[in-house]
Structures are given as C-alpha cells and as structure tokens.
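Colleague: Okay, predicted coordinates and the sequence, questions at the end:
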Amino acid sequence: MRKTPAILKLVVLAALLAAAAFAQTADPAKNAAKPPTTREMNLMCWQEFGELVPARIRTVLVPFGSLEPHGVIPSGTDNLAPEAMARDIAAKVDALIAPTLNYGMTEAMKAFPGAVSIPAEVYSPFAETVLDNLAANGFKNIIILNGHGGNTAALNAAATRVANARRVRVLVVNWWTLADDITKAVFKQNGGHAGNNETAYIQAFLPDSVHPERYKPEMASPNAPAGAYYAAPVASTILLYEKGQGYPTFDAAQAREYFRKVNDRVAELVLDTIKKWDLAGVYKN
Ligand SMILES: [Zn+2]
C-alpha cells in the first residue's frame, strides 16, 4: 500500500477538526447545556432562543409598567423597577426576561407633564396577546413583574384567560404589596406611591435619577380612605398608604437593603409557586 503524502494527511485532519467544530456549534443538545449568553430576549438571537426554550428554560419574567409622574424619581419608575428586579433574579429562578411593556393605564395621573395613558380597551387585549405569544413560544411559567397598580386588574384577567386557553401557568406579582412587611421592617413605617419604599428601590440602582433637591414634604398626601373623596386629576404624585407615613428619606444604605430584600422575596415567591404548580401537576406539559 502506497504511503499517504503528509500534506494529504494534514488536509484530512483539518477537515475532521472543522467538521467536529461545526457539529459542536450546530448540535442543539450540546448548546442547550451551556449557560445562555444572555437572559434578555431583546439581546438573544432566534437560534439560541430555539435551543433553550422549552427544552432547557421554561420560565419567563415579563415586566409590565407605565409612564407616569412619581414624586422626585423617574416617570419610568414602574418600568425601571421591575426591569432591575428581573435582571437581578433571572439566573436565580432560571428564567429569560421578555421586553418590558413600557406603557400602562394611568388615567388618574394623565394631567401631569410627560404621562402617557393607554385606555383599557386597548391595553387589555394588547397585554393578553403578549402573554399568549410567550406561551406559544414554549414558556410554561409566565411571571408578570408588575410595576404599576393601575394595570393589576387587567393583568389578572389576562393571566386567567391565557393560563386556561394555553394550558400554561401565569403569576402576577405586585412587588410593593408583596413587600409590605419588608417596607415596614426597613423604614419602620408604611410606604406609598413614589414614597420611601418606591423611591428607595430606584435609588438603589439609579441614584443619579433621584432628585431630593426637588422634594418638599407637602408634595405628598395620603390615599383617600375608601369612599371619603375622589380628586380628578390626583393632587399629589406621592400618595402615602397611611397618613403621616412613607415620606421619602433618601437613605442610600436603606435603599440597598430594601432592594436586596424585595428581590429575594420576589425570587422566593416565583420558585415556591412553580414548585407548587409542579407538585399539583397543573398544566405541567
Ligand atoms: Zn410607581
């Protein structure tokens, strides 16, 4: 048998190496075992998404917010807070992050500069369609991180409809209520819309976007006791849950502590709820 020339051996070796490298990158099973290059759907290419969902990742976090005045913190607070939360907990709950819905229903605050409000008849079907598409893309656990109280009723209704129609599980989290006891523990008092709790949460990761120099305590007023009165538009954008409590204090250390504790609480709720859904076997497959 004739000896193979050295150059031919090299060519064959190079071809084998190239084929092996191609097989590695083109094999979805191998790629799925790697950690995702990003948790954000906005930043992920469709090929990687297809390899990960639903084979490896079945949970998505979706921030739903609003653009409305918030005392002396950004008007996008209801978008920025759940986005920061999603980035902080995504790896812990092994989820991807869907892009934020940056507009919500805020009729009561529409009078203030820079506010945008979407009517319910537009918002509800749009929000529901987003959830429906996430389910169609293979997510089994859809976690709504809601930043805005005005969205809650519409999101709860959309969650119920999509869960039953698509046989998926949907959780709506209103962090400021979930963290009620954390607010009272960290600040030793109750909070408010754009009050100490929401202001601290934003201050923890966007200190330069918080403006104590514009703050005056008279900018705050308590929420009306049920049925007592109604003002349209609202007269204050800092709405205290309880009279006399929840004024922003702009304490950086408290802000960091609050951010950490709130996010841990939300992650714990997400993991616990998925565990219980799995245990019950509801809409599992
Ligand atoms: Zn808010």
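Modeller: Structure's in. What do you need? Numbering: from 1, shown residues only.
Colleague: If we look just around the ion, which residues of the stretch 51-200 of the chain are in range?
Modeller: Residues of the stretch 51-200 of the chain found near the ion (C-beta under 5 Å from the ion) are T77, D78. Bear in mind the C-beta positions are built from the backbone N, C-alpha and C, glycine included.
Colleague: At which residues are the helices of the stretch 51-200 of the chain located?
Modeller: Secondary structure of the stretch 51-200 of the chain (DSSP state H, counting those that start in this stretch): helices at 77-89, 120-136, 152-166, 175-178, 180-187, 196-205.
Colleague: Sort out which residues of stretch 55-72 are buried, please.
Modeller: By neighbour count on 16 or more other C-beta atoms under 10 Å, the buried set for stretch 55-72 is 56-72.
Colleague: actually stretch 140-157, sorry about that
Modeller: 140-152, 154-155.
Colleague: Please enumerate the strands of the stretch 1-150 of the chain.
Modeller: Here the stretch 1-150 of the chain has its strands, by DSSP state E, counting those that start in this stretch, at 59-64, 95-97, 141-146.
Colleague: okay if I get those as CSV plus mean pLDDT?
Modeller: Below are the strands of the stretch 1-150 of the chain laid out as CSV (pLDDT from 0 to 100):
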stretch, mean pLDDT
strand 59-64, 98
strand 95-97, 98
strand 141-146, 98
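Colleague: In TSV: those strands, plus distance to E268.
Modeller: TSV is the format used below for these (distance: least, C-beta to C-beta, whole Å):
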stretch	distance to E268
strand 59-64	14
strand 95-97	14
strand 141-146	13
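Colleague: closest one to L178 among those strands?
Modeller: strand 141-146 (10.2 Å; C-beta to C-beta).
Colleague: Not counting the closest one itself, show me its contacts.
Modeller: For strand 141-146, the surrounding residues in contact (C-beta atoms under 8 Å, 6 or more residues apart in numbering) are 58-65, 82, 85-86, 93, 95, 131, 134-135, 152, 155, 159, 162, 168-175, 266, 270, 274, 277.
Colleague: ditto for stretch 175-195
Modeller: With contacts defined as C-beta under 8 Å, 6+ apart, stretch 175-195 is touched by 69-73, 77, 81-82, 85, 145-147, 149, 196-198, 200, 220, 223, 237-242, 245-249, 254, 257-258, 261-262, 265-266, 269.
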